[in-house]
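S.K.: need the 3D shape of this:
(one chain, ligands or ions: 1)
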Amino acid sequence: MSATGRPAVWAPAVWALATVTALTGCVDLADERAANEARIGQRRGAGLTVAVQDGLAAVRVLEPGRLELWPQAPGLTVDLDAEAAGEWVIEVRNALPDALLSGVAATPEPRDLPTHKAWRVTLPAGPSRVDLAAPRAAAVEPFRIIAFADTQEALPEAGDFFAKMAAQRDIEFGLVSGDLTDMGYPDEVRLFQRRMEVLPFPLYATLGNHELGESSTAPAFHRYFGRASFSFPWRGARFTLVDSGTATLAPRTWRSLHTWLAQGRDGFHLFMTHMPPLDVAGLRNNAFASRAEAHKLLGTLARAGVDLTIHGHVHSFHAYAQVGMPAFITGGGGGIGEAFDGIDRHFLVIEIDPVAQTALPAVVRVGAAE
Ligand SMILES: [Fe+2]
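M.R.: Got it, this is the predicted structure:
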């Protein structure tokens, strides 16, 4: 029983009702969240103005002599404007292990994790620009990535899940299609970051409905991991991840999406949201709140030549097609699994050929949590 005298069994029901309520009247929330997100990557303080192009990194720390970034992409361009010439340390977490900093004279500093990079730089007074990039980014040839979602309430027991991802060979990066956490609290986001420390590659994530449990408009996800709607190129392919945490796309996200679709039209283009636009199995509505918007989105993606869509939210694995586009649902991070599907915890290793414009998935099973 709860403290109110109601049977405790009502607590999940109330939470579910609150979630459904949030999902049915949510365009304003999504647009306010998108407006807040637009400020990510811009910061002024300690005598330095920082502007990460396309907002592709969160500014974690800006204090005298130290700038720390968390990228949501393999490459970054950062415009800086210093009030006075001086020495700075630029720290980049969630970086490719072979990433290099260019644009100013930069001396690498050692750090304990392969994805934690740091350089000591001397910035001139006034504007300067630095680029973060890995030399292999330019090679248009097959590569492998990981995709997963829905670690949510199982995150505290997900050590084996992350260890198995770390054991995969030749992974460039991972994509996370949301519900990293159970409620989106800062301590959960920090726990996710600690889980990542075993990985020799970065993760780029969009958010899910579970990231919005603490705040629907300014989630901790934004402060730690950055934007939930973004797009980046890699080795001749393009990757676009879009915030669908309230079962819709914000109007301003729709506008960005058109730009990203145009940029990805000629090559392999992977599109990812947390919510599947349409329910893959029946009418449970594990999907966008509006089927009209879902059909509009899928038609827009298909006309733009998107080659693969990936979603989470459904705690199973499905390989299917949407408007002729190959689609995967991978929600095997440890949330309560679908009954009788025989899937359990899993992630995908996907081999992408940007020349042939194909993607071949392998389901890697992790098994039940101990
Ligand atoms: Fe979800």
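S.K.: quick one: the helices in the stretch 151-300 of the chain?
M.R.: Using DSSP state H, counting those that start in this stretch, the helices of the stretch 151-300 of the chain run over residues 159-166, 186-196, 220-225, 251-263, 291-303.
S.K.: which of these sits most buried?
M.R.: helix 220-225 (a mean of 23; mean count of other C-beta atoms under 10 Å). (Each C-beta comes from the backbone N, C-alpha and C, glycine too.)
S.K.: centre of the chain to that one, how far?
M.R.: 11 Å (C-alpha atoms, centre = their mean, to the nearest Å).
S.K.: in three-state terms, label the closest residue to residue 168 other than its chain neighbours for me.
M.R.: Nearest non-adjacent residue to residue 168, counting by C-beta to C-beta, 6 or more residues apart in numbering: residue 349, 5.7 Å away. Classification of residue 349 using DSSP: H, G, I helix; E, B strand; the rest coil returns strand.
S.K.: list the residues that contact residue 349.
M.R.: 144, 145, 146, 168, 171, 361, 362, 364 (C-beta atoms under 8 Å, 6 or more residues apart in numbering).
S.K.: check these one by one and keep those near the ion.
M.R.: By C-beta under 5 Å from the ion, no member of those lies near the ion.
S.K.: count of neighbours near the residue of the stretch 251-370 of the chain found nearest the ion?
M.R.: When scored by C-beta to the ion, the stretch 251-370 of the chain has residue 313 as its residue closest to the ion, at 3.7 Å. By other C-beta atoms under 10 Å, 25 other residues sit near residue 313.
S.K.: go on, residue 45?
M.R.: 13.
S.K.: that one bridge partners, please.
M.R.: Beta-bridge partners recorded for residue 45 (DSSP bridges): residue 48.
S.K.: rewinding a little: identify the bridge partners of the residue nearest to residue 168.
M.R.: residue 146, residue 362.
S.K.: what's the weakest-modelled helix or strand in this structure?
M.R.: The helix or strand of the chain with the lowest confidence, counting by mean pLDDT, DSSP states H and E, is helix 10-24 at a mean of 43.
S.K.: up against the ion, what does the stretch 51-200 of the chain have?
M.R.: Counting by C-beta under 5 Å from the ion, the stretch 51-200 of the chain comes close to the ion at residue 179.
S.K.: one more pass at 8 Å, please.
M.R.: Contacts of the stretch 51-200 of the chain with the ion, taken as C-beta under 8 Å from the ion, map to 149, 150, 152, 178, 179.
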